[in-house]
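Colleague: quick one: sequence plus predicted model below, questions after.
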Amino acid sequence: MIFQPLSPLARILAASLATASLATGLSAHAVAAAPKPSAAAKSAAIPSPDGVLAVLNRANAAQIQAMRAEPIPVSTGGAVREMSSNWVSATYYVGAARLARVTNDRDTLVFLSEAAEHFNYGLRGARSPKLMLNADEWAIGDLYEELYARRKQPGVIMPLHQRLDWSVQHLTRTPIPQHLVWWWSDALFMAPPVLARMSAQTGDRTYLDAMDKQWWRTFARLYDPDESLYFRDERFIERRDDQGRKLFWSRGNGWVMAGMARVLESMPADYGSRPRYLTTFQAMAKRVASLQRADGLWASSLMQPDLFPEAETSGSAFFVYALAWGINHGVLDRATYLPHVTRGWAALEAQVLPSGMIGAVQKTGDQPVTTAPGDIGPYGTGAFLLAGIEVMNLGKPSTALPLAEPAPDAPDFIVATTPTPALPRTVQGSPEETARHAAEMKAVAALAYDPAIEGPGLAPATVPPAAPGQPTPPKMIYRMAPPPAGQDRPRATVRYAPERLDDILWENDRTAHRIYGPALELAEPPSTSGIDAWGKSVRYPFMTRQLRTGDQHAYHGEGIDYYNVGTFRGAGGLGVWDGGKLWVSRNWKSYKILKDGPDVASFKVDYAPWRAGAARKVWESRTFTLPMGTNFTRLVSTFQSDRKGPLTVAVGITKKPTAKTPGAFSLDKAKGVATFWDVTDPDKGTMGLALLLDPRQIVDVVETDSDWLVLLKVSPDKPFVYYMGAAWDKGLDFHSRAEWEAYVQAQKPSFDPAK
């Protein structure tokens, strides 16, 4: 065939008709060619939804199997059968994602998630700005938007969001540049629905407005108002065969109609240009329906069916999808178009191959070419799935537009449909490495910062009302992350916290403490060996997560660290009293965790030698043990010295841990009970402290500028026992000094180091 170009005048006249045809609705040609179904055609039977779904599930499973069998190329631009991030696969992802809305099939969602994760939720085209604007590279954005809608995970949408934000300036540029961003018809399927959907998901019409501006620029260049069809791109506008027929590519127009349907699903009902989209869609539908062949399919070249008489399904599937979609949403007249849809679907089903895949899919390209029955392609499957889903809905009442985004999945379903990576090769086959890896992953889950809960700029959290008989909690800026599943049960626990400068944390269901390590000594000299006490208002462990907030001194719903130790003795730290002066160690030198719950938390620390008096060095080992159900930690201390003779060890409580004035201290020397009730903070409440000491060892009590010190007679190399305890009046157990002191007096400690 010989193609003859239009004259310049004819080209100008054709372009000038675009706006006029829309203003009046349809062109004269389109009206004349509108389909007129017979009475028999009007009664076309609607396919069984279950039967259609069975075909779709089979095609979908076959496509996944075929793509899994292909190695994923490093560069996916030319991939036509493999999993990729290009439009070839992205068109399939669109159809598969819509099918998964119907079936909630876990295998499909896992596969889609694998694809998204493999490409890090990114888009191709980073090599140049021109490629970054290529609509083909945006098509996979619909997959990311679908997963975001179902899972609400911000990282899923972030790269796409960034690309679209950068692109808006180019889509809306004025005056209109010579070269369009979307210069080919396929682009109207790839990019506009992604922009429209981003607008719906974010509530920001910037994306929709940019899409709208660019859509109509492409329309003005490529739409033929006489035929109500799109040229594939400007190269084909003036082409004619020897019969004067124009070249309108079936799939090129299928891309446009399917893209328009997807845009209208996200476009607000009151959007200004929405009627214009509907008018164009209806005009194209009438023209396309008139070009359907007797076998139910459409020729690859719509106006030249004799040149391409073979079956071709990719364009036909998009037409069936668009026409069925129009019926289902009240955009097209059911009686007029239903026969075209049912006949077209039957013809598509006839092209399903024994493998389950849809055959007769024209190869990738830009114009009609000969197609073989066994030709396949992921984009063909995607179009087939979209068509079938709409065919399944033909028996239902029409659904108004726009459509709501899918509801978020339940957390357990998200877990079940998220790919689980295989264990690293270094772990596989090794029970020890498997256990270590599991512990590492548990730590990652427990220790990681959560911006969704702990991030800056969050609205202030509300403090829940106090339970009956409980005090009002302190003010709360934000609530910290809840404990991971399984870690919200009461237990005694001890943990080394290198991320907090070598703290050692221990707590049970009633109280919480920490001591300081070598890293803090280097970072904040002269840090020493005092003991910290925290207020606690939950039964499960909370100290690690409290530290993760970055502000452990504020209340975040579970407890607080507002007791100041400094270089003092804190809540039961000790030192050596010699020459009327207290000599203390630096922070612990080494540690060993003896038991990490659930019933008991126990650990041992060693302190490096330090000077104790004019001419003596001492060093200490100390074991800490905190069972469940008590506010008291049992400490077993063993001193050693470079000189013989007894030591006077001072066990202390800081006088002013939360205020500028001292709290109330008392010592019952006969019972070996020391109690302390701090000054009350108007918001944070009061800390109560106590020491339980062996009365046989008590020598005296001394008050220094910083501490109350109970002096004990101790022999080197001989362990001795004492207890330290703490309570918070805004916790769960004690709300007054009287309650705390009654509890302390009721204790029955054992001072036998062997027990």
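Modeller: Yep, that arrived. Residues are numbered from 1 along each chain as shown.
Colleague: can you name the residues bridging to Arg240?
Modeller: In this structure, Arg240 bridges to Lys246 when assessed by DSSP bridges.
Colleague: tell me how many other residues crowd it.
Modeller: Arg240 sits with 16 neighbouring residues when counted by other CB atoms under 10 Å. From N, CA and C alone the C-beta is placed, and that goes for glycine too.
Colleague: and the gap between it and Met303?
Modeller: Between Arg240 and Met303 the distance, using CB to CB, to the nearest Å, works out to 10 Å.
Colleague: list residues touching both of those two?
Modeller: Both Arg240 and Met303 are in contact with 246-247, where contact means CB atoms under 8 Å, 6 or more residues apart in numbering.
Colleague: skip the chain neighbours and tell me the closest residue to Asp136.
Modeller: Taking CB to CB, 6 or more residues apart in numbering as the measure, Asp136 lies nearest to Trp87, with 4.2 Å between them; neighbours along the chain are not counted.
Colleague: what average pLDDT does the one helix or strand Arg622 maps to get?
Modeller: Using DSSP states H and E, the element containing Arg622 is strand 617-627. Mean pLDDT, strand 617-627: 98.
Colleague: strand partners of the following helix or strand past that strand, parallel vs antiparallel please.
Modeller: Moving toward the C-terminus from strand 617-627, the first helix or strand encountered (DSSP H and E) is strand 632-641. Strand 632-641 has its sheet partners listed here by DSSP bridges as strand 617-627 (antiparallel), strand 720-728 (antiparallel).
Colleague: and the strands in the stretch 101-250 of the chain?
Modeller: 223-224, 229-230 (DSSP state E, counting those that start in this stretch).
Colleague: per-residue pLDDT of the residue most central in space within the chain, please?
Modeller: Nearest to the mean C-alpha position of the chain, by CA atoms, centre = their mean, lies Gln153 at 2.5 Å. At Gln153 the predicted local confidence, pLDDT, stands at 92.
Colleague: quick check: it touching Leu147?
Modeller: Yes. Under the contact definition of CB atoms under 8 Å, Gln153 touches Leu147, with a separation of 7.5 Å.
Colleague: Pro456 versus the closest residue in space to Gly731 that isn't next to it in sequence, what's the distance?
Modeller: Nearest-residue entry for Gly731: Ser537, 5.0 Å, with adjacent residues in sequence omitted and distances by CB to CB, 6+ apart. From Ser537 over to Pro456 the distance is 25 Å, taken as CB to CB.
Colleague: those two: who's more crowded?
Modeller: Neighbours were counted for Ser537 and for Pro456 using other CB under 10 Å; Ser537 has more, 19 against 7.
Colleague: okay, now Ser355: neighbour count?
Modeller: Burial of Ser355 is recorded as 15 neighbouring residues (other CB under 10 Å).
Colleague: what are the buried residues along the longest helix anywhere in the chain?
Modeller: As far as residue count goes, and with DSSP state H defining each element, the longest helix of the chain is helix 49-68. Buried residues in helix 49-68, counted by 16 or more other CB atoms under 10 Å: 49, 52-53, 55-57, 59-64, 66-67.
Colleague: before we move on, back to that, quick one: contacts for the residue nearest to the centre of the chain?
Modeller: Leu147.
Colleague: cool, and Asp142?
Modeller: The neighbours of Asp142, taking CB under 8 Å, 6+ apart as the test, are 90, 93-94, 97, 193-194, 197, 262.
Colleague: rerun that using 10 Å as the cut-off
Modeller: 90-91, 93-94, 97-98, 160, 189-191, 193-194, 197-198, 262 (CB atoms under 10 Å, 6 or more residues apart in numbering).
Colleague: no further questions, thank you.
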